Structures are given as structure tokens and as C-alpha cells.
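Enquirer: have a look at this prediction, sequence included:
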Amino acid sequence: MSIIKRGTQVPARWRLLACGLLLMASASLPARADDGIVDVHALPQLDGAVEDNSRPDPYRVEYRMPAPESVTSPAVKKLLSAAGWVPYVRPMEEKSTTLNFKKGRQGLSVHFTQALGRPDQSVVYYSTDRIYGNVPFPDGASDIVFDGTRPYLGCIAPSALDTTSDFYASQMEAIGWRKLTPETAARWTTSLDETVPNGLRVFYEHPDSEVTGFYKQKPVMLTLTRRDDGRTNVDIRVAPFALPFDLKADSDAAGLPRPTFTKSSRGLGSASSNKREMSAAAMAELPAVLAFYHRELAARGWQEDGSAPLAPGDEVAIKISNAEEAGVLRLGRKYDFTMVSLTAQVKESALAARAKAKKEADDRFFSDAAAAAKQVIAADEARRKVQAAALSDVPLNALADSKTPVPLPENAEGVKFEGSDGSLEFSSTSSVKALTAFYRASLKPLGWNERPSVINQPNMAMLEFARSGKSISFTVMQMGPKVRVSAEGSGLRVTAAKPAEVQAKSSEPLKPDTESQLPVPTQRSSTSLATTKLPGSETPFRRELEASIPAPLGDVLAFYRTELGKLGWQEKADGATVSADSAQIDFTSPQGPAVLKLGRAKGETTVNLAQKNPDAATKADIMPKPGQARVMLGNIGPKEASLTINKQTIKIAAGAGGPQSPKGPMLDLAPGKYQYALRVPGRPARTETLTVAAGDAWGLMVGPTGEVLPLQMY
């Protein structure tokens, strides 16, 4: 994308689309009562909170706090805990800054951001979090790790084993869990008899129920163990016999096998890398995962070379190798996951063999390329000699009635002369020798003196001439069966006379088009009108008319002064500039400030008339601060984008400024020229420039393919 300067015009349909995406207001719809969803608008907020009501949402609340996140986060945790919300951590998300809470069968997610441009302020977001597999938390439990989708619970109950057992016997039944019997467990297992040292184990099942919020739950296993400090360890997870035991291969990570039913996975490198790694959290028991890798690695030509030293967290560590690589497979347990780590590194012998093969391939390539180049050069030389022999060395005469500042040879073809640029081009069937001789002979009598040139070959020559402070450079080059002549310099420049229509008066007075929202003559060759406004509103906060009129600039200026005066527009005396080829006048209209710009292009007068409505802009929340410009950011792409401008980096969430989340980030800038960099995952960074003036409002919308569309909104 080229650099977009302030005032650059964009087709009206793009302006309307981007405006709608940036400013569309979402209407909230009444939601069906759902006991599993918390009413976030009824939750307590910290003292001093300023709630953002611009985008009503029954499942989300946003409010600003006059304190940084480091202060706000613990205060919110304390506030919600006092209201009966129990905080917990999700498995594998111990370092997340998001706070998770549970109260009965309702879940709540709380996250924080820094207020835009204000490190001393923070923004708090309450979001509903449905719990699909509810299990009870013991009162006063600590170290709670919970996932309500499986479910999984790990915590420490403050009570003794017997008391904790009684708690779960009553509370599990109260929310619909039933003890699994040998008869009801027959579809999964033939035995429920398990002994837990220093504890007990019970299996439960739960029927699907929209009333209690359970959806297709597998049987769970409750394990309670007595601690040395008198408290009780609690562990609830999907029963092992209900987990998959025959794992299939999912898509590879870093070219290494990965089983199905993984909660998360990560790969570094690729199948062609010297070193690659794959890690995953599999939702299966360790024996099932180990069986998968025994089978899958063998099928791919890997062999097992015995045990490797165990690292912290390992239960299994196996050395593996194939013809070119050596690696280690490590398996361990964390929460209810089997943690997988698989690494592979190319052997030194294989690296040496690869380097040797690459060098041999490169040598062959360059050798073949050199031989092919010699053949092409030889063939081209032979062809050029044949073509040169066909060119004529016969002396040339000048073309009669030539309109160019220098003579043209009589056989000149395809002549292109630009007097305003001082350039001349043509081709000829005469030789380089004949054409250089022609210009040396024809320009000397005209007072042109030749300057020495270092290029004077049979197939190419350069000529330099000077006269009275002006110069001309000729390049004469054989191009296939013809010779191409190109020339440039001040000696070829010719000042074109002004078109007749610039100096002549219009044949008839300009008449206003009564159907146009902004004044424009009926005698026009093109016109467009763009408006920016809130969806559903009839009052635009900016209107802009562009037109091209086949009339002198003075007549068009007189037309607009007359027609705008009829509408109550008052011309500002200060700052008006009027010349023969351009004009710019500021106005005060009943709706707000306006500006008229006139220019000349292609023999016609161009018109740009823009009018702003401050009241409508203020209502739309796009009015810049006094003396500053406002920039609104949006993202209709599928991925989060980040934009760096004026030493600030702003995250733009996918959908921000779009139909689902109309109000994207905004920032205020001082007037000036700013370079901004856009980064979207999976796409190269884009660097562009935006120029803003005081009182302007611009929109920068990130498109689906990572491009940026800048539009002046006000």
C-alpha cells in the first residue's frame, strides 16, 4: 500500500463500509433465563468504577478504574471473594493474569487491561463462563485447580478425611451425581473395587440435564487422601476407564507424531530442521499414550534404544533413533493429563552427509547454469550479428515537417515526444553508426556542441550536446532487428500553451443541480457524494462532494460563492487563497465548519467540498479534543492485530470496530505526520504513513488479508 496523505480520496462505498464497521451500535436482545449464567451487571464493582455503557451486552461488563492493574486485580479478587465467589486456577494456566471464579454452578472470568495511554488506570472486564460439569468445592478449600468442561478438580479441603467424605456424599447427590454401581458401570468396566492407601475412592455418573447444566458427562472418579497436617487432598477427574485407550494419530507437530485428544500442543522446527521438538497434554492415561508412540514411531522407522535418564516429572523416558536422527520420548502425569515431550536431532554423520550432498548439488547447479549461460550468450551474439548486418549504414536525411526541437531521421518509427518532460523516443532500421552520424551532422549547424562520451560501440553509443546553457543526451542502442533512440534534457523541453478552455469563458452560466445535497452545477463531467454517519441516524457528521466541471476556475468559484451564500454559509476572510489554477476557502455553515478546494486537471476544474457537523460527531463519540486529531482503530480480520504509532503499541482484537464489537480502540494525536506499523500473525509487517490535522477524525481499519484502509471520518 502506498503512503496515504491527509485528503487522499477513497471511493464512497469504501467510506460507508468502514464507517459502518467502526461505528455500528449493537442492540441488546432479551436473553432467556439461564440459571447457569451469572448476571454480570448485578455483580459488585470497586469503588470509583466508571462503567462503559456504550455497548450493552448481557454477558459482559466493562468498567474503568483510577488505579493500575497491579492494584485493581487483588482488589477485585477480594471483592468477589467476599460476595461468595471462589477463585480457582485452570489446569496449565497457572501464569495467566485472568481471574476465574465459581459460585454454585455459575462461572465468572475476569481480566484486565491498561487504559489506553494511561498506565495509572486500568479496565476491568466481567464475562460469564458456563460450567458444563459442576462439582462442589469444599468450604475453605485452598490450592484449587478446576476445569468445568471435563470436569477436573484438585484442591486441599481444610477438614479431615471422614468429614470431607461426608461432604461429598451429600453434595454430589444434591447436584445430581449418582454413585456408579457395577450394573451401571458395565458399559465401561467390570470392576469398581479400588483401594486407595490412606484414603478412599468413589465413582459417580450424572445424566445429561439442561436444568442442572450437565451435557454428555463421562463418569468421574473422586479420590480423597488423608494428609499429615490433618487436612484432605481432593481429586475429581474423568474415570480412567471412560478415557480413550486406542489413540489415533492427529496432524503432526514439527513433523513429529501427535495423538488425538490433546488439550494443547506445541511444535518447534519442521521435518527438515536439524532439531525439532513436540510437546502436548494428552487427555488419556499414560499406558494408552505410550502404546500410541510404540506403534506410531515403529511405523515411521524409529527404533527404541532403551531407557533415558528421567527428568523431573517423567514417569517414562525412552531413547529413540532412526537412520539420521536421535531423540528422546518423555511421558509424565500432571493434573489429569499425560504430558508428552518428544525431541529429535540430526546426527553429526547425517549433518555431514547433508552438507556434502548440498555442496555437490550446488556445484552441479552452478556448472549447469554457467554452461547454459554460455550457450545463451553465444546464441544471442550470433543473432545480434545477423540482425546488425540487416541494419542500414546508408546516411540519413531529416524528416520534413517534424514538430520536435531536434531533427528526426526520415525512417523514424513510433515517435513519442513529451515537451513538458523533455523526452524523445523512436526506433529506426538504420544502424547505430548511421544514427549517431545523423545527429552529429544535423545538430552542429544548429549551434549544438558535442561533448566527449566514453560509450561508442557498434551496438550502442551515447551522445552529449550543449547549447546556451541547455543540454541533450542521446542513447542509441540496438534492440533486436531495430535500433532504439532515446533522448532527454532541457534542450527538449517545450512550454505548452494553456488549453483554450482555461482562458475562455463558459459558453453558458453554471446552473445548480436541485437534487444534490451539496451544491454542484448541472454542467459536470463527474460527481460523487460521501457521507459518514451512525447506522440508523439521518444526520451525517461529515459530508464530502467531489466533482469535475468543464469550466474555468473563476466561473466555478463564483458559482460556489453564490450558491453557498444562499444556504447561509459565511466565508472566512482569513486563510483564503485564490490563484489562476487553485483556490481554497474556509466557510462557517449552519451545521459546522466547511472548506472548499478548487484545482485544475485535464482541462477541467476539480471541486472538493467538505462539511462537518460537530454535534453529530460528539454524539458519535468521534469528536477530537481541541487542537488534536482522533484516530479510531478497527479490525475485521480473523486474528488479533497490533498497531504501533507515536511510540504506542495498541492491540486490536479480531472483530473490534466490527458488527459484533463496534467500538474499537481510539487515541488522540497532535497534528502532524505519523508513521505506523501494523503486525498481524502469519503476515509480513506493514509500515505506512498517516498525516492528520487538528479537528480531524480518522479511521484505520484492518482488513481480512492484513491490509489497512485509512478513512477520514470527520
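Expert: Sure thing, it's come through. Numbering: from 1, shown residues only.

Enquirer: name the helices or strands packed onto the top helix by length along the chain?
Expert: Scanning the chain for the helix with the most residues, using DSSP state H, yields helix 348-390. Judged by 3 or more Cβ pairs under 8 Å, 6 or more residues apart in numbering; DSSP states H and E, the packing partners of helix 348-390 are strand 470-479. Glycine gets a C-beta too; all of them are placed from N, C-alpha and C.

Enquirer: could you point out which element follows the strand it packs on?
Expert: strand 482-488 (DSSP states H and E).

Enquirer: elements contacting that next one?
Expert: strand 423-428, helix 432-443, strand 470-479.

Enquirer: could you give the mean pLDDT of that strand?
Expert: Mean pLDDT, strand 482-488: 93.

Enquirer: what do you get for stretch 695-702?
Expert: 84.

Enquirer: the next helix or strand after the longest helix of the chain pairs with which strands, parallel or anti?
Expert: Moving toward the C-terminus from helix 348-390, the next helix or strand (DSSP H and E) is strand 413-418. Strand 413-418 sits in its sheet next to strand 423-428 (antiparallel), going by DSSP bridges.

Enquirer: and the partner strand, what's buried?
Expert: If you call a residue buried by 16 or more other Cβ atoms under 10 Å, then strand 423-428 has these buried ones: 424, 425, 426, 427, 428.

Enquirer: and the fourth one, how far is that from residue 376?
Expert: Translated: residue 427. With distances taken as Cβ to Cβ, to the nearest Å, residue 427 is found 24 Å from residue 376.

Enquirer: for the last one, same thing?
Expert: To residue 376, residue 428 is 27 Å away according to Cβ to Cβ.

Enquirer: quick one: low-confidence ranges for this protein?
Expert: Low-confidence segments of the chain, defined by pLDDT under 70, span residues 1-33, 209-215, 380, 495-507, 534-538, 658-662.

Enquirer: so where do the helices sit in it?
Expert: Using DSSP H, the helices of the chain run over residues 12-23, 69-82, 161-174, 286-299, 348-390, 432-443, 500-503, 553-566, 614-619.

Enquirer: ok, and what's touching the last one?
Expert: Around helix 614-619, the neighbours that count as contacts under Cβ atoms under 8 Å, 6 or more residues apart in numbering are 533-534, 537, 539-542, 591-593, 623, 697, 714.

Enquirer: let's see it at 10 Å
Expert: 532-534, 537-542, 591-593, 613, 622-624, 630, 695, 697, 713-714 (Cβ atoms under 10 Å, 6 or more residues apart in numbering).

Enquirer: how far is that helix from where the chain is centred?
Expert: Averaging C-alpha positions (Cα atoms, centre = their mean, to the nearest Å) puts helix 614-619 30 Å from its chain's average.

Enquirer: quick one on the thing from earlier: next, the angle strand 470-479 makes with the longest helix of the chain.
Expert: Counting by axes from the mean of the first three to the mean of the last three Cα atoms, to 10 degrees, helix 348-390 lies at 100 degrees to strand 470-479.

Enquirer: by how many degrees do helix 348-390 and strand 482-488 diverge?
Expert: Using the same axes, to 10 degrees: helix 348-390 against strand 482-488 is 90 degrees.

Enquirer: for residue 337, give its distance to residue 313.
Expert: 11 Å.

Enquirer: ok, those two, which is more surrounded?
Expert: Shown here are residue 337 and residue 313; by other Cβ atoms under 10 Å, residue 337 has more neighbours (22 against 12).

Enquirer: ok now do the closest residue to the more buried one other than its chain neighbours, which residues does it touch?
Expert: Leaving aside its sequence neighbours, residue 337 sits nearest to residue 281 (Cβ to Cβ, 6 or more residues apart in numbering; 4.1 Å). Residues in contact with residue 281 (Cβ under 10 Å, 6+ apart) are 91-92, 261-266, 334-340.

Enquirer: can you rerun that using 7 Å?
Expert: Applying Cβ atoms under 7 Å, 6 or more residues apart in numbering to residue 281 gives the contacts 92, 262, 263, 264, 337, 339.

Enquirer: what is the burial count for the closest residue to the last one other than its chain neighbours?
Expert: In this structure, residue 339 finds its nearest non-sequential neighbour in residue 332, 4.8 Å apart by Cβ to Cβ, 6+ apart. Other residues lying near residue 332 total 18 when counted by other Cβ under 10 Å.

Enquirer: okay but residue 332 is in contact with residue 314, surely?
Expert: Yes - assessed by Cβ atoms under 7 Å, residue 332 is found in contact with residue 314 at 4.9 Å.

Enquirer: rewinding a little: chain center to the longest helix of the chain: distance?
Expert: 42 Å.

Enquirer: now that helix against helix 432-443, angle please.
Expert: Using the same axes, to 10 degrees: helix 348-390 against helix 432-443 is 60 degrees.

Enquirer: that older thread, will you turn the buried residues of strand 423-428 into TSV that also has distance to residue 276?
Expert: Output for the buried residues of strand 423-428, formatted as TSV (distance: Cβ to Cβ, whole Å):
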residue	distance to residue 276
424	61
425	57
426	61
427	58
428	63
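
Enquirer: what are the bridge partners for residue 89, then?
Expert: Applying DSSP bridges, one finds that residue 89 bridges with residue 145.

Enquirer: which residues touch it?
Expert: Taking Cβ under 7 Å, 6+ apart, we find residue 89 in contact with 100, 144, 145.

Enquirer: highest neighbour count among the residues you listed?
Expert: residue 100 (22 neighbours).

Enquirer: contacts only, for the nearest residue to that residue once chain neighbours are set aside.
Expert: Distances taken as Cβ to Cβ, 6+ apart put residue 88 closest to residue 100, at 5.4 Å, once the chain neighbours are dropped. Residues in contact with residue 88 (Cβ under 7 Å, 6+ apart) are 100, 102, 144, 145, 146.

Enquirer: how much space separates residue 88 from residue 81?
Expert: Distance of residue 88 to residue 81, given as Cβ to Cβ: 11 Å.

Enquirer: before we move on, what about residue 526?
Expert: 66 Å.

Enquirer: returning to what we had before: so what's the residue nearest to residue 339 up against?
Expert: By Cβ under 7 Å, 6+ apart, the residues touching residue 332 are 313, 314, 315, 339.

Enquirer: that'll do, ta.
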